[in-house]
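A.B. asks: Structure here, sequence nowhere to be found:
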Ligand SMILES: NC(=O)NCCC[C@H](N)C(=O)O
């Protein structure tokens, strides 16, 4: 029987995927909180939902089973009978370990049915929702005008980042910014308590109880023994070495981690915003990540003695990919055709962030029409999804999907 998690490539036919339909958490973004919540604008929710439904339907029409995060979380809570303990953990990680505001929030949330409680945790709790005025010292010292008890989690529709499926296991991530750190609690809960995953032999290659950061947008499964990881704004060297050690010593089958350095900025926050695998030997690459003469820093990591890692530094992405994939040649397809105006414009709206649903078949945003046409010229089948509002969160089709099962290639 297929395992609940089985991902041995970026391109094998997508059988099962995890999505999160954007909901009212997006309507809790304000101009004041926008940049801290990692958004560049405020999406218009009804259109964002229509666009997301369109994306989900494309996947279903391609034979993919679509699971939704909030459903799995509610089912895991019910099945594990952990409503109370999960709520306490969430409140604690939201800054309310105890005290009168903890008690008021707890009272409000625990009395909701499980689905409503889960939704509320994701959407956030505004101060005016609860008839309660904190009188404790800590609250008095805080900004009285701040509108939320619990911050919204508007980035949840980017299911790619809080966790990553690798082989028959998962990395559950300690994320970089506080705006997203609580998100991975949901996947931790699902793996531990949901009947589809719990006690089904899902390995946790690295859990979220770390201080060093890693995010799923940086974790690309190139094949059944090679993982590429971005050295980025969101993923640290320590976390890369940690997960490499765990993969090498466990039963993962992985023997190579290829770390790829990318610029540390918001537009290119993860490796998958600038580089994705779309066929056995074809990749999208944003030319902005390549330095003089097309150079880029890479580190090929292999197991050494005991816990040691053997690390080989290089400067050529194509060479490194040819080596780890055992290919004579490969096709790096430049976003926007490498045009100095088109490439950064389309990359900004995730023109490099393609989701492969089978070898040579990708889902992309329709707005990146230059890059889409170039992909077609390179023989790729491109299925476009509508994208005016979803793209305001700075993530594309790969960011919005977490593959759980792919066919082997
Ligand atoms: N893998 C990705 O690149 N995900 C996009 C995440 C966008 C989100 N607003 C963030 O900044 O984390």
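C.D. replies: Yes, it's here. Worth saying up front: this structure is predicted, and the values here are computed from it rather than measured.

A.B. asks: okay, CA-based contacts and neighbour counts for the rest of this
C.D. replies: Will do.

A.B. asks: How about residue 374: what's its closest non-neighbour residue?
C.D. replies: residue 337 (6.7 Å; Cα to Cα, 6 or more residues apart in numbering).

A.B. asks: list the contacts for the one you found?
C.D. replies: 343, 370, 371, 374 (Cα atoms under 8 Å, 6 or more residues apart in numbering).

A.B. asks: Hmm, residue 344 and the third one touching each other?
C.D. replies: No: under the criterion of Cα atoms under 8 Å, residue 371 is not in contact with residue 344, lying 11.1 Å apart.

A.B. asks: quick one: which of those two has more around it?
C.D. replies: The residue with more neighbours, out of residue 371 and residue 344, is residue 371; 26 against 19, by other Cα atoms under 10 Å.

A.B. asks: neighbour-wise, which of the contacts of residue 337 leads?
C.D. replies: Each of the contacts of residue 337 was scored for neighbours by other Cα under 10 Å, and residue 371 scores highest at 26 neighbours.

A.B. asks: Which residues of this protein lie near the ligand?
C.D. replies: 38-39, 155, 158, 160-161, 217, 270, 272-273, 393-395, 399 (Cα under 6 Å from any ligand atom).

A.B. asks: same thing but 5 Å
C.D. replies: Along the chain, the residues adjacent to the ligand under the rule Cα under 5 Å from any ligand atom are 38, 217, 270, 393, 394, 395, 399.

A.B. asks: hang on, the earlier thing: identify the contacts common to residue 371 and residue 344.
C.D. replies: What both residue 371 and residue 344 touch, as defined by Cα under 8 Å, 6+ apart, is the set residue 336.

A.B. asks: Spell out, range by range, the helices that occur in the stretch 301-409 of the chain.
C.D. replies: For the stretch 301-409 of the chain, the helices defined by DSSP state H, counting those that start in this stretch cover 317-325, 342-348, 369-377.

A.B. asks: So which of the ones you listed is the most surrounded?
C.D. replies: helix 342-348 (a mean of 20; mean count of other Cα atoms under 10 Å).

A.B. asks: which among the residues of the chain next to the ligand gets closest to residue 75?
C.D. replies: Nearest to residue 75 out of the residues of the chain next to the ligand is residue 399 (Cα to Cα; 23.9 Å).

A.B. asks: Neighbours of that closest one, how many?
C.D. replies: 23.

A.B. asks: On the pLDDT front, check it for me.
C.D. replies: Listed pLDDT for residue 399 reads 98.

A.B. asks: coming back round to it: what about the residue nearest to residue 374, distance to residue 38?
C.D. replies: Residue 337 sits 28 Å away from residue 38 when distances are taken as Cα to Cα, to the nearest Å.

A.B. asks: and residue 138, what pLDDT?
C.D. replies: Note on residue 138: pLDDT of 68.

A.B. asks: I figured residue 186 hits residue 73, correct?
C.D. replies: Yes: with contact defined as Cα under 8 Å, residue 186 reaches residue 73; the gap is 6.3 Å.

A.B. asks: which residues sit in contact with the closest residue to residue 391 other than its chain neighbours?
C.D. replies: The shortest distance from residue 391 to any non-neighbouring residue, by Cα to Cα, 6+ apart, is to residue 349 (5.9 Å). Listed by Cα under 8 Å, 6+ apart, the contact partners of residue 349 are 367, 368, 391, 392, 394, 395, 396.

A.B. asks: Using TSV, lay out those together with pLDDT.
C.D. replies: Listed next are the contacts of residue 349 as TSV, based on pLDDT from 0 to 100:
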residue	pLDDT
367	97
368	97
391	95
392	95
394	95
395	96
396	97
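
A.B. asks: PyMOL command for the buried members of those?
C.D. replies: Command for PyMOL that selects the buried part of the contacts of residue 349, burial taken from 16 or more other Cα atoms under 10 Å:
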select buried, resi 367+368+391+392+394+395+396
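
A.B. asks: Fine by me, thanks again.
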